[in-house]
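1. can't give you the sequence, but here's the structure:
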Ligand code: RAM
């Protein structure tokens, strides 16, 4: 019973690979279709941390996609976003011979040897949300162009603080690849002459821990009495900062903005603590990452620039430079539109 099935599976994979080869030889850009995906693929999601509402939405999106293409999905991961806290989960997934690992990396380099080991055993590795160094994965599903996220955050905070005064960044962990890349672009944007009256006084780290982010917010307000804004490019950080400020004498004086989920931020927009913030749909991010992983594991794509595949309800997606696939531009939420979003 098993052998013919294996042969059929192998034949399907060979046919998909042959189709790719032919298309490449003819110079035709082919698109992999959902029907080409293997069924029963074992795909494991490893979020930065298991209990972060943002990560839960992203993982749920991934599990929904896996259900679409009849795979076997699961979510495993640490309760803190520490640099090496994901290692033991990766090792277990290797032992279990998963078909693919989809991971939001807590560190650009610390995980690379373990992910390389996974790939050497035929397990496909896709990063999403937060990347590793490129040698640690085959594809990176990015929520939006990192440069536009970083520059956009400065453009938004500049508007909220009237283009002048002191502001601070409240980030996630010091090792988070995504936040560090965005902050780099924030600092780049700040060099423009129109921001010459704005001063970034401090980058604080709340480690994507609610309580630490809350305490860091308090510390920023005490250390910088003239602070006019806090930008938290992390959904955990922005919610904790808004909660602190909403009941403090800084409410109305210190603007809070950054990246957050509409559901976590709604109350703070309604009570006037937060005027505007940004994000993409984390559920769609997980959904797209699952389709990317399934296509790699089915042999319908290899991860090369220019290859494309069908990502269910998100339609056709194409791999860009450095194995990066971009979900789409972020949305800015404020009192006028926040009730249109439920995630
Ligand atoms: C937190 C995490 C995540 C980031 C969002 C915006 O949930 O740090 O990686 O993308 O914020």
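-> All right, it came through fine. Nothing here was measured: the structure is a model prediction, and the numbers come from that model.

2. going forward, measure contacts and count neighbours with C-alpha atoms only.
-> Fine.

3. for the helix or strand harbouring residue 148, buried residues please.
-> In the assignment (DSSP states H and E), residue 148 maps to helix 146-160. Applying a neighbour-count criterion of 16 or more other CA atoms under 10 Å, one finds 146-147, 149-158, 160 buried in helix 146-160.

4. and the next helix or strand past the host helix or strand of residue 185?
-> Element membership for residue 185 (DSSP H and E) is helix 177-190. As assigned by DSSP H and E, the chain's next helix or strand after helix 177-190 is strand 198-205.

5. tell me what that next one is packed against?
-> Packing partners of strand 198-205 (3 or more CA pairs under 8 Å, 6 or more residues apart in numbering; DSSP states H and E): strand 165-171, helix 210-223.

6. what pairs with the shortest one, parallel or antiparallel?
-> Read it as strand 165-171. strand 198-205 (parallel), strand 227-232 (parallel) (DSSP bridges).

7. give me the residue from the stretch 1-150 of the chain nearest the ligand.
-> Residue nearest to the ligand within the stretch 1-150 of the chain: residue 54 (4.7 Å; CA to the nearest ligand atom).

8. from residue 331, how far off is the residue of the chain at minimum distance from the ligand?
-> Closest to the ligand within the chain is residue 234: 3.3 Å, counting by CA to the nearest ligand atom. According to CA to CA, to the nearest Å, residue 234 and residue 331 sit 15 Å apart.

9. cool, and residue 245?
-> Going from residue 245 to residue 331 by CA to CA gives 24 Å.

10. and these two? Which one has more around it.
-> A side-by-side neighbour count of residue 245 and residue 331, using other CA atoms under 10 Å, places residue 245 first with 24 against 12.

11. backbone dihedrals for the residue nearest the centre of the chain, please?
-> Nearest residue to the geometric centre of the chain (CA atoms, centre = their mean): residue 129, 1.6 Å. Main-chain torsions, residue 129, degrees, to the nearest 10: phi 70, psi -60.

12. right, and it touches residue 142 too?
-> Yes: using CA atoms under 8 Å, residue 129 is in contact with residue 142, at 5.7 Å.

13. tell me the residues that contact both of the two, please.
-> Both residue 129 and residue 142 are contacted by residue 285, under the criterion CA atoms under 8 Å, 6 or more residues apart in numbering.

14. low-confidence stretches in this protein?
-> 1-30, 34 (pLDDT under 70).

15. quick one, domains of it?
-> 42-144+282-327, 146-279 (automatic domain parsing).

16. how about those, which one is nearest residue 32?
-> Closest to residue 32 of the domains of the chain, according to CA to CA: domain 42-144+282-327, at 4.4 Å.

17. quick revisit: tabulate the strands paired with strand 165-171 (a markdown table), appending distance to residue 240 and mean neighbour count.
-> Listed next are the strands paired with strand 165-171 as a markdown table, based on distance: least, CA to CA, whole Å; neighbours: other CA atoms under 10 Å:
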| stretch | distance to residue 240 | mean neighbour count |
| --- | --- | --- |
| strand 198-205 | 12 | 17 |
| strand 227-232 | 9 | 26 |
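
18. okay if I get those as TSV plus distance to the ligand?
-> Below are the strands paired with strand 165-171 laid out as TSV (distance: least, CA to the nearest ligand atom, whole Å):
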stretch	distance to the ligand
strand 198-205	11
strand 227-232	9
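
19. can you put those strands in TSV and add distance to residue 170?
-> Listed next are the strands paired with strand 165-171 as TSV, based on distance: least, CA to CA, whole Å:
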stretch	distance to residue 170
strand 198-205	5
strand 227-232	5
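
20. what number of residues lie near residue 35?
-> Neighbours around residue 35, by other CA under 10 Å: 9.

21. any idea how far residue 311 is from it?
-> Counting by CA to CA, the gap from residue 35 to residue 311 is 11 Å.

22. now do residue 341
-> Residue 341 sits 22 Å away from residue 311, going by CA to CA.

23. out of the two, which sits in the more crowded spot?
-> More neighbours surround residue 311 than the other of residue 341 and residue 311, with 22 against 12 (other CA under 10 Å).

24. spatially nearest residue to that one, not counting backbone neighbours?
-> Nearest non-adjacent residue to residue 311, counting by CA to CA, 6 or more residues apart in numbering: residue 291, 5.4 Å away.

25. report the secondary structure state of the residue lying closest to residue 289 once chain neighbours are set aside.
-> Spatial nearest neighbour of residue 289, excluding adjacent residues (CA to CA, 6+ apart): residue 141 at 5.8 Å. Of the three states, residue 141 takes strand under DSSP: H, G, I helix; E, B strand; the rest coil.

26. beta partners for residue 141?
-> So, taking DSSP bridges as the rule, residue 141 has residue 128, residue 325 as bridge partners.
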